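S.K.: Dropping the sequence and predicted coords here.
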Amino acid sequence: MAIALVAVGNVDRKLMEWLKMGLEGVFDEEVFIAGGMDEPGYAFNETRNQYNSTAILSSLHELARGRLLGIADHDLFANGLNFVFGEAWGGAAIIGLARLRQEFCGLPCDENIFKKRVLTEAVHELGHTYGLGHCDEPDCVMFFSNTLSDTDRKGFSFCGRCRRRLRG
Ligand SMILES: [Zn+2]
Ligand SMILES: [Zn+2]
């Protein structure tokens, strides 16, 4: 089943194209950039200054069947959590870009670090859409990221066991 990438609001087109190529390298699937969605004002929480990832995910589910990854250039949260890098259920997933930038932590911009994080979080959330759970292997992309240093350490590759389950 092909993987559709959906820009949720304004997302850099070059980044979308780079992500498409990166995902094609990881999954044996066609990846395409589908039509985008409007800015998700309905998901904005003013008090938190964050967007509710679960609400965006619901809209993605309404948009289409099939495997979808939404990309939002926002900081996301889910109920009971201060923030999430992304969220997935069923065939749809969402990632938030804002928190993946070095600038978010007051550090100088680093495009390479940022792009690697985007690919890592995208592969992780899409992994959930294939039915993979979290993995105990610290170098596996399905390891749960609590912090950006987890994301940076694990990278975007599946461990042998997760890769076999993905193919299965
Ligand atoms: Zn996860
Ligand atoms: Zn694994």
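M.R.: Okay, I see it. The structure displayed is predicted, hence computed values, not measured ones. Numbering: from 1, shown residues only. Ligands and ions are numbered 1, 2, ... in the order given.

S.K.: need the helices for the chain, in chain order.
M.R.: Under the criterion DSSP state H, the chain contains helices at 13-26, 53-63, 111-129, 148-154, 160-167.

S.K.: which secondary structure elements does the second one contact?
M.R.: The helices and strands touching helix 53-63, judged by 3 or more C-beta pairs under 8 Å, 6 or more residues apart in numbering; DSSP states H and E, are strand 3-8, strand 67-72, strand 76-77, strand 86-89, strand 92-96. (Glycine included, C-beta is placed from N, CA and C.)

S.K.: Would you convert these into TSV that also reports distance to ligand 2, mean pLDDT and mean neighbour count?
M.R.: Formatted as TSV, the helices and strands packed on helix 53-63 follow (distance: least, C-beta to the ion, whole Å; pLDDT from 0 to 100; neighbours: other C-beta atoms under 10 Å):
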stretch	distance to ligand 2	mean pLDDT	mean neighbour count
strand 3-8	19	97	22
strand 67-72	19	97	25
strand 76-77	24	98	24
strand 86-89	16	96	20
strand 92-96	17	97	28
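
S.K.: could these be laid out in a markdown table, adding distance to residue 120?
M.R.: Listed next are these as a markdown table, based on distance: least, C-beta to C-beta, whole Å:
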| stretch | distance to residue 120 |
| --- | --- |
| strand 3-8 | 16 |
| strand 67-72 | 13 |
| strand 76-77 | 16 |
| strand 86-89 | 10 |
| strand 92-96 | 10 |
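
S.K.: To residue 137, which of the ones you listed lies closest?
M.R.: strand 86-89 (19.1 Å; C-beta to C-beta).
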